[in-house]
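Trainee: model this:
(one chain, ligands or ions: 1)
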Amino acid sequence: MAIIGRQTTIASPDNGTGLEAMLADYCSTFGNNCVRKTEAALTDSDYAKDLLMVGVLHDLKKWVQLKTPITTIANGFIINDKTFKDSADGFVYVDTNRIIISGNSLKAVKDAQLALTGGHDILIVQNGKITYFGNRKDDTHFDWFNLQNLKESNYNKVESELFSAIYISKTFKDTIDYPKLNTELRSYARQFLSIYKLKMPAKKISWFVHSNMNEYGIMSGMFGLTCPGNNSAGFSIRGEIHTNGFNTGLVKHEYSHFLFDNAIPQDNNPAFFVEGCVEYVTNLNDKDLYNERVEVARKFRDTLNYTDLIINNRDFYGQYSSANYSICGVFVKYLIDKFGVEAFKNFCLADNKKIKTKDLFKMDFDTLVNNYKSWLTTL
Ligand SMILES: [Zn+2]
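Mentor: You can find the predicted model right below:
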């Protein structure tokens, strides 16, 4: 996306609500290059420059000015001669100096925003799933694929007790012992749910086993950006687990996200705890690994930026992601051992963690961190 790094106007409908957090987030990414405007305040020259437009489609009054190959109609939009009228239909359109994130409802806009990786000129979400994606063919059309159809054509569907279905890439050559996997995963899930006092989610998740990084990237909708956890080979997104290849530990890890996030959504939960709650259980099941990780936690004891990781949800997946994966489960153990699992879950849910620290742990955040540091030396 060429837009990043140049002065960019971030615009939204005049009456747009519910997008403030998203817009502020984008603006802070652009830093000094960000100019915020409402649609009505946009001048002709603004339309000629770099523009990020975010908003519900029927709230946008000057659609034609954006000069896209997307036609708006009464209850939706038309792309590639295909009509999208469902309230959950949304899209991301990327041009040399445009990014437009829109859709038929606020939910659709948010779904589209979550799906944006910048890898394609057009990307459609329908009912929370990525469907069409592709690039410009000519002035009015795109070459595109339907991700959901690729699942049918390129994957074999296997019935499963724990998943709504398992989709195995037709190019995946290894064999999976399903009964063994099912037994192991079922007992692991029981352990995980009982530790966190959670119920099994009512709706099952599907699982895709890919045979290479390219398949993994495309089918998960991450495209070129396959690394939410850097070197990770799996993740849980939009009600689906994706793994590059198969190993039981990886599936357990991703399945844990599904179990935990179902009750404790990631909205206010920093990556440090999203991963930490899983690694805590991994550590319980592997004493040697736990001991190694305590050493890592000690090594980074005084240099880790706890405020950024926990309060600001920043830098987890950065250059120290491997250390962070090691430390997060140790920190979660501290919270659970000292304050109990309910307090930990409430902390994950809390939107203002600085204030909530006092409510839940009866001390301020700095004291909490200091106490953790002392606890580390007692292990
Ligand atoms: Zn993870």
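
Trainee: just the strands in the stretch 251-379 of the chain please.
Mentor: Counting by DSSP state E, counting those that start in this stretch, the stretch 251-379 of the chain forms no strands at all.

Trainee: buried residues in stretch 253-270?
Mentor: Within stretch 253-270, the residues scored as buried using 16 or more other Cβ atoms under 10 Å are 253-262, 264, 268-270. Just so you know, the C-beta spots here come from the backbone N, C-alpha and C atoms, and that holds for glycine as well.

Trainee: poorly predicted segments of the stretch 201-350 of the chain, please.
Mentor: Along the stretch 201-350 of the chain, the parts satisfying pLDDT under 70 run over 223-232.

Trainee: find the residue at the geometric middle of the chain.
Mentor: Ile237 (6.2 Å; Cα atoms, centre = their mean).

Trainee: report pLDDT for the residue lying closest to Lys199 once chain neighbours are set aside.
Mentor: Once flanking residues are discounted, Lys199 sits nearest to Leu193: 6.9 Å by Cβ to Cβ, 6 or more residues apart in numbering. Leu193 is assigned a predicted lDDT (pLDDT) of 98.

Trainee: quick one: Leu193 from Val35, how far?
Mentor: Using Cβ to Cβ, to the nearest Å, one obtains 48 Å as the distance from Leu193 to Val35.

Trainee: repeat for Val341
Mentor: Taking Cβ to Cβ, one finds Val341 at 46 Å from Val35.

Trainee: and what of Ser28?
Mentor: With Cβ to Cβ as the criterion, Ser28 and Val35 are 13 Å apart.

Trainee: ditto for Gln65
Mentor: Distance, Gln65 to Val35, by Cβ to Cβ: 17 Å.

Trainee: try Asp267
Mentor: Distance from Asp267 to Val35, by Cβ to Cβ: 28 Å.

Trainee: now do Arg98
Mentor: In terms of Cβ to Cβ, Arg98 sits 15 Å off from Val35.

Trainee: which parts of stretch 350-370 are buried?
Mentor: Ala350, Lys353, Lys356, Thr357, Leu360, Phe361, Phe365, Leu368, Val369.

Trainee: which of those sits closest to Lys203?
Mentor: Ala350 (25.3 Å; Cβ to Cβ).

Trainee: OK, contacts around the closest one?
Mentor: Asn268, Lys356, Leu360 (Cβ atoms under 8 Å, 6 or more residues apart in numbering).

Trainee: quick check: phi and psi on it?
Mentor: phi -70, psi 140 (degrees, to the nearest 10).

Trainee: mean confidence for stretch 370-379?
Mentor: Stretch 370-379 comes out at a mean pLDDT of 95.

Trainee: then stretch 167-175?
Mentor: On average, stretch 167-175 scores 93.

Trainee: quick check: end-to-end length of that stretch?
Mentor: 13 Å (Cα to Cα, to the nearest Å).

Trainee: just stretch 129-148 next, same as before
Mentor: 8 Å.

Trainee: what lies in contact with that stretch?
Mentor: 69, 79-80, 82, 115, 119-125, 218-219, 221, 223, 238-239.

Trainee: which residue comes closest to Lys333 once chain neighbours are left out?
Mentor: Using Cβ to Cβ, 6+ apart, the closest residue to Lys333 is Tyr280 (5.5 Å).

Trainee: would you confirm that that neighbour contacts Gly329?
Mentor: Yes - counting by Cβ atoms under 8 Å, Tyr280 touches Gly329, with 4.3 Å between them.

Trainee: now the helices for the protein?
Mentor: 20-30, 44-48, 106-115, 147-154, 178-195, 213-219, 248-263, 271-284, 287-299, 306, 321-339, 341-349, 353-361, 365-378 (DSSP state H).

Trainee: which of those is buried the deepest?
Mentor: Among the helices of the chain, ranked by average contacts under mean count of other Cβ atoms under 10 Å, first place goes to helix 271-284 (a mean of 23).
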